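**Student:** Could you look at this predicted model? Sequence included:
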Amino acid sequence: MNITADDIIEILEKVGKKKSIAMDFEEASTELTDSKLSGIPYIPEGGEWPVDKGTGDKLYLMLQINFEQVPKMESYPEKGLLQIYVADDDLSGLDFDNPKDQVAWRIIYHENTDNAMDIDEIKKLMPNPDEAEDTVMLPFDPKKEYKVIFVEEEQFPNVDTMEMDKIFEEFIEPKLGIESYSDLEDEVAEEFYEKICSGGSRIGGYPFFTQWEIRDKDDENKLFIQLDSLYDSKEDILMWGDSGVANFFITDEDLKNRNFEDVIYNWDCY
């Protein structure tokens, strides 16, 4: 049987599409509770700035999402702020051996945002990159601020992911007789990859890896948030190592229960 990329995509159209919220970033000033990359975060009155539990150094706000500004997604909050902070170290807080261990990174969820600390007091709590002992190694510029632009889209699973493997096993192999993407002829595989693969920063949907899938076959964790490298000829907005991508994974149960303590954090690069 002469299998084409469109033969597989026809199956994916029926069983593989998933809703995702793409995120783009535009340098601009934001309000305290706006969705943003870097910038000044919401801190409640009496709150503390998150620190690295190992070193005591202050973490840096990487992402703040105001869910009232996000198109509705099943199981996701419809209000409140979710913040991701990371350490200014060579791995941006990641511990590859313990990717759930929020020692040098942190997820904080504020269900209500009506008790904000005075913004001048928040500024006093923020880390100052000019005072850092070492060169700032963050994947973003902490001196800049970007508003987040959300766009709802549908997405196919990327190749070499757990989700694509399952679709091959359950739907594509029984119909077309091929077990995986690697069984395709080179030209067909290249065409298929170009037509369905998508990286980018997003909420929900399917993950993208520059290296390999980190989850086991029966892992219940799904993509929560993805932050992909973003740059042009003028600047790097996000840069994970050598044009890498960061993923945060969560189970459906934890997402519904607003339990963000067991989120898996990972990033890789070329």
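**Tutor:** Received the coordinates, thanks.
**Student:** What residues does residue 88 make contact with?
**Tutor:** 57, 60, 127, 129, 132, 134, 136-138, 142 (C-beta atoms under 8 Å, 6 or more residues apart in numbering). From N, CA and C alone the C-beta is placed, and that goes for glycine too.
**Student:** do the same with residue 243
**Tutor:** Counting by C-beta under 8 Å, 6+ apart, residue 243 makes contact with 210, 229, 231, 269-270.
**Student:** Check residue 162 too.
**Tutor:** Contacts for residue 162 (C-beta under 8 Å, 6+ apart) come out as 213, 215-217, 219.
**Student:** could you flag which of those are buried?
**Tutor:** Applying a neighbour-count criterion of 16 or more other C-beta atoms under 10 Å, the buried members of those are 213, 215.
**Student:** Highest neighbour count among the contacts of residue 243?
**Tutor:** Neighbour counts for the contacts of residue 243 were taken using other C-beta atoms under 10 Å; the highest belongs to residue 229, which has 23 neighbours.
**Student:** Run through the bridge partners of residue 84.
**Tutor:** Beta-bridge partners for residue 84, by DSSP bridges, are residue 63, residue 107.
**Student:** Roughly how far does it sit from residue 37?
**Tutor:** Using C-beta to C-beta, to the nearest Å, we find residue 84 at a distance of 10 Å from residue 37.
**Student:** Max pairwise distance over the contacts of residue 243: which two?
**Tutor:** Maximum pairwise distance among these (C-beta to C-beta): 14.6 Å, between 210 and 231.
**Student:** Need the worst-confidence member of the contacts of residue 162.
**Tutor:** For the contacts of residue 162, the weakest pLDDT value sits at residue 217, with 88.
**Student:** which residues does it contact?
**Tutor:** Under the criterion of C-beta under 8 Å, 6+ apart, the contact list for residue 217 reads 162, 165-166.
**Student:** Sitting in helices, which of those residues do you find?
**Tutor:** Among the contacts of residue 217, the residues falling in helices (DSSP state H) are 162, 165-166.
**Student:** okay, these in a markdown table with pLDDT and distance to residue 92 next?
**Tutor:** Listed next are these as a markdown table, based on pLDDT from 0 to 100; distance: C-beta to C-beta, whole Å:
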| residue | pLDDT | distance to residue 92 |
| --- | --- | --- |
| 162 | 96 | 24 |
| 165 | 95 | 28 |
| 166 | 96 | 30 |
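**Student:** which among those residues gets closest to residue 75?
**Tutor:** residue 162 (18.7 Å).
**Student:** Residue ranges in this protein under the pLDDT threshold?
**Tutor:** In the predicted model of the chain, residues 1, 132-135 satisfy pLDDT under 70.
**Student:** residue ranges of the strands in it, please?
**Tutor:** 18-27, 36-38, 60-66, 81-86, 105-110, 145-155, 201-203, 222-228, 230-231, 236-238, 245-250, 264-268 (DSSP state E).
**Student:** Alpha carbons of the fourth one, in PDB - could you do that?
**Tutor:** Read that as strand 81-86. Provided in PDB are the C-alpha atoms of strand 81-86 (Å, rounded to 0.1, in the frame of the first residue of the first chain):
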ATOM      1  CA  LEU A  81      -3.900  34.300  38.300                       C
ATOM      2  CA  LEU A  82      -1.400  31.600  37.700                       C
ATOM      3  CA  GLN A  83       2.300  32.600  38.000                       C
ATOM      4  CA  ILE A  84       5.500  30.700  37.100                       C
ATOM      5  CA  TYR A  85       8.700  31.800  38.700                       C
ATOM      6  CA  VAL A  86      12.200  30.400  37.900                       C
END
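**Student:** Alright, that wraps it up for me.
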